[in-house]
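1. heads up, no residue letters with this:
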């Protein structure tokens, strides 16, 4: 966690944040382009993050998405929260179909296998994730869909 993390948590809790997601993604891509991939909006916020690269289930083209992550016992937890918006992130369907991906984390490229968590495993992982990003609870309240949680394990 960094100095700006409390501010990021407050901003992330704003109810209309899902509407700004395209602008946030645009800003993040610009920042990453300027820094040659060394800094993202999540880095500025002092939050753990990774870039997930997974093959598109329809196109077959690798797609990369920066995501907040929660390192957990040598693995990484990620959630398809989309700020609690009604739509499922596209990367979720791609990851479900592929079952594997590559992540960029802490300056390294790591091949991973993905396991979507359910029931007690999901509930336990969700509690771990809430300690890093309490707004996941707000996102859960905003949406009618179950937010998918994945555990990424080094291949």
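-> Looks like it came in fine. A quick note: this is a predicted structure, and the numbers were derived from the prediction, not measured.

2. what's the helix or strand for the spatially most central residue of the chain?
-> Taking Cα atoms, centre = their mean, the centroid of the chain lies closest to residue 67, which sits 2.9 Å from it. Under the criterion of DSSP states H and E, residue 67 resides in strand 62-68.

3. State the mean pLDDT of stretch 32-44.
-> Mean pLDDT, stretch 32-44: 83.

4. For the chain, which segments are assigned as strands?
-> With DSSP state E as the criterion, the chain has strands at 49-55, 62-68, 70-72, 75-79, 100-105, 108-116, 149-154.

5. Tell me which of these lies nearest to residue 5.
-> Of all the strands of the chain, strand 62-68 sits nearest to residue 5, with 11.1 Å by Cβ to Cβ. Placement of C-beta: from N, CA and C, glycine included.

6. mean confidence score for the closest one?
-> 93.

7. Can you give the distance of that strand from its chain's centre?
-> Centroid separation for strand 62-68 versus its chain: 8 Å, with Cα atoms, centre = their mean, to the nearest Å.

8. what's the angle from it to strand 149-154?
-> Angle, strand 62-68 to strand 149-154, by axes from the mean of the first three to the mean of the last three Cα atoms, to 10 degrees: 110 degrees.

9. For this protein, which residues score under the pLDDT cut-off?
-> The model of the chain has pLDDT under 70 over residues 1-3.

10. Helices along that one, start to end?
-> 5-12, 21-34, 41-44, 90-98, 119-132, 135-142 (DSSP state H).

11. Can you give me the buried ones in stretch 106-113?
-> 110, 112 (16 or more other Cβ atoms under 10 Å).
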